[in-house]
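*Asks:* 3D model of this:
(one chain, ligands or ions: 1)
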Amino acid sequence: MTDPRFGAGDDGPGVTTPGPSSVPASSSSYAARPGLAQNAPSSSAEVSRDVSAVDVSQPPAVAREVFGDRLALAGEFAQLLATEGVVRGLIGPRETPRIWERHLVNCGVITHLFPIGASVVDVGSGAGLPGIVLAVARPDLGITLVEPLARRTAFLTEVVDELGLDNVTVVRGRAEEVVGQVGEADVVTARAVAALDKLAGWCLPLARVGGRLLALKGSSAEEEIDEHRAAIARIGGGEPVIRLCGVGLIDPPATVVEVVKERAVGGSGARSGSGSGVGSGGPVRGAGKGSGGRRSGGARGSDQGRGGGRGNNRRG
Ligand SMILES: C[S@@+](CC[C@H](N)C(=O)[O-])C[C@H]1O[C@@H](n2cnc3c(N)ncnc32)[C@H](O)[C@@H]1O
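*Replies:* Below is the predicted model of the structure:
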């Protein structure tokens, strides 16, 4: 099941749980980029009022620790989420006061789980969580965002362009449709997309043997592991392990379920080219480098197939 704390728009209602806000109500120093504003559909008065009322330009102190010298870029993403993301219904208006803590920082604290230069596939990126955050915080990673909904891939593509992220490729399609097209990643991430068994079935086929699924889960993590351990083993996954990230920085820490792909299992949830009508895995925007983005430190992850070769012609 998707986590009701996350997401909004065309998948359902936004977040309703009240949360802390460290955001003062003053004008923003991260101005929305004109290109995105021009592309935006007209918004309801209510959404406009919400968007204009929230200022995300003052990141909490913890964001400085998490993003370091990438903080300004993270701030640009926060601003895009709080404006265009809300106007386009990709993030709930009530999320804007907690965009930093609940979304950017919550995703940013997992970055130490990724080897230098790793290839990453983020399944069900939505408005870019955690994929865009990882790309901002770790420019050495080569990141492919897999998302079936056109409205979301359009936003993601614009964000990638606006932020100048040359380590990101946006692919429109369902995870189970893009196997063999996005390459076998070192790490597959997913946040608030599906229950662990279904997620493993979608994500492990996208990882190389020895690669890992990192599923950002909430308090349900242990319960989900108990429930789905056997199913995960059947599809080639190892024993799931919980990684708590951001201990001492955020409360509660981010809970990540890590599953190593121990072996390839034929047909483990992969239905390449199943023709669901939402697209079948072509890139909507190729990363500038076309092969996994910036690499540093000499350690290269698998980057085969990145860019897909289908051309830049996905439906918008
Ligand atoms: C609740 S949203 C979460 C978005 C984002 N990960 C976040 O944490 O805000 C779930 C997302 O998963 C996407 N999704 C659903 N099924 C999928 C599938 N089979 N493959 C890839 N993405 C999928 C949806 O389109 C949606 O954008």
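
*Asks:* Surely residue 147 is in contact with residue 127?
*Replies:* No: using CB atoms under 8 Å as the test, residue 147 is too far from residue 127 to be in contact (9.3 Å). C-beta: built from backbone N, CA, C; applies to glycine.

*Asks:* if I look at the two, which residues touch both of them?
*Replies:* residue 156 (CB atoms under 8 Å, 6 or more residues apart in numbering).

*Asks:* what's the helix or strand containing residue 64 packed up against?
*Replies:* Assigned by DSSP states H and E, residue 64 falls within helix 61-67. Other helices and strands packing on helix 61-67, by 3 or more CB pairs under 8 Å, 6 or more residues apart in numbering; DSSP states H and E, are helix 71-80, helix 106-108, helix 131-137.

*Asks:* Buried by neighbour count: which residues of it qualify?
*Replies:* Buried residues in helix 61-67, defined by neighbour count with 16 or more other CB atoms under 10 Å: 62, 63, 66, 67.

*Asks:* show me what contacts the residue in the stretch 201-316 of the chain that the ligand sits nearest to?
*Replies:* Distance from the ligand to each residue of the stretch 201-316 of the chain (CB to the nearest ligand atom) is smallest for residue 202, at 5.5 Å. Residues near residue 202 by CB under 8 Å, 6+ apart: 123, 174, 175, 176, 190, 193, 194, 269.

*Asks:* Show me what from the chain comes close to the ligand.
*Replies:* 2, 6-7, 11, 123-127, 129, 146-149, 152, 174-176, 191-193, 202 (CB under 6 Å from any ligand atom).

*Asks:* Out of these, which sit inside helices?
*Replies:* Here DSSP state H is the test, and the residues of the chain next to the ligand give 152, 202 as lying in helices.

*Asks:* can I assume residue 180 sits in a helix?
*Replies:* No: counting by DSSP: H, G, I helix; E, B strand; the rest coil, residue 180 falls outside a helix, being coil.

*Asks:* so how far is residue 192 from it?
*Replies:* According to CB to CB, to the nearest Å, residue 180 and residue 192 sit 26 Å apart.

*Asks:* Over to residue 231?
*Replies:* Relative to residue 192, residue 231 is positioned 20 Å away (CB to CB).

*Asks:* and the two? which has more neighbours close in?
*Replies:* The neighbour comparison of residue 231 against residue 192 (other CB atoms under 10 Å) goes to residue 192, with 20 against 15.

*Asks:* thought the more buried one was touching residue 216?
*Replies:* Yes: using CB under 8 Å, residue 192 is in contact with residue 216, at 7.2 Å.

*Asks:* Return the alpha-carbon coordinates of stretch 178-190 using CSV.
*Replies:* Taking C-alpha atoms only, stretch 178-190 is exported to CSV below (Å, rounded to 0.1, in the frame of the first residue of the first chain):
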residue,chain,number,x,y,z
VAL,A,178,11.0,-0.9,-18.1
VAL,A,179,13.0,-4.0,-17.2
GLY,A,180,15.8,-4.3,-19.8
GLN,A,181,15.4,-0.7,-20.8
VAL,A,182,16.9,1.2,-18.0
GLY,A,183,19.8,-1.1,-17.3
GLU,A,184,20.5,-3.1,-14.2
ALA,A,185,21.1,-0.6,-11.4
ASP,A,186,23.4,-0.8,-8.4
VAL,A,187,20.6,0.5,-6.3
VAL,A,188,16.8,0.8,-6.8
THR,A,189,14.9,3.2,-4.6
ALA,A,190,11.2,3.6,-3.9
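
*Asks:* Can you give me the domain boundaries for this structure?
*Replies:* Here the domain parsing of the chain from automatic domain parsing is 9-106, 109-285.

*Asks:* ok, and which of the ones you listed has the densest surroundings?
*Replies:* The highest average neighbour count among the domains of the chain, using mean count of other CB atoms under 10 Å, belongs to domain 109-285 at a mean of 21.
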